[in-house]
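Q: need coordinates for the below:
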Amino acid sequence: MVEIPDSLRSVFSATVQEQDGTYVLEVPSSELEHESITRGETYRVAVLDAPGTTGESTQSAERADKSRRNGQRGPPAPPVNEGEIREVTIETVGDQGDGIAKVERGYVVIVPETQPGEQPTIEIDDVRQNVAFASVVDPDQRTL
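A: Sure, this is the predicted structure:
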């Protein structure tokens, strides 16, 4: 299980890009708009491996590849789609008491009424650039 410190200010996915002999991570403008970070400040960045592309994330990987081929820049597409059904492991509980699972590239999925260690089958209800919201498909099927 990934330990998430209380000081965590922001979670987002980004692709490492080479630029003039250095490597760059693009920070989504929404992180500045939501005041998660401030321009000119220094932050500690954690880098997590992105799992290999699986059947569950094929569509989002194809969207990202298409964007790169079309010359579009910016953050990669979320690795989940609305209506998608998948099994996750709840890793921790957020400030509002909702379960938090992470999927490909460390992307966060918030699942209400779940607890750490549970492995529910969920349906993705709402997808945003940095987070998705899901509901448990069959509450009686949760496993620990």
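Q: going forward, measure contacts and count neighbours with C-alpha atoms only.
A: Fine.
Q: ok, which stretches of the chain are strands?
A: Assigned by DSSP state E, the chain shows strands spanning 16-19, 22-25, 85-87, 90-93, 99-102, 108-111, 121-127, 131-136.
Q: name the helices or strands packed onto the shortest one?
A: Read that as strand 85-87. With contacts defined as 3 or more CA pairs under 8 Å, 6 or more residues apart in numbering; DSSP states H and E, strand 85-87 has these neighbours: strand 121-127.
Q: point out where the protein drops to low pLDDT.
A: 1-7, 9, 49-74, 139-144 (pLDDT under 70).
Q: nearest the geometric middle of it, what residue?
A: residue 107 (1.3 Å; CA atoms, centre = their mean).
Q: please look at that one and residue 14 and confirm they touch.
A: No: taking CA atoms under 8 Å as the definition, residue 107 is not a contact partner of residue 14, at 10.2 Å.
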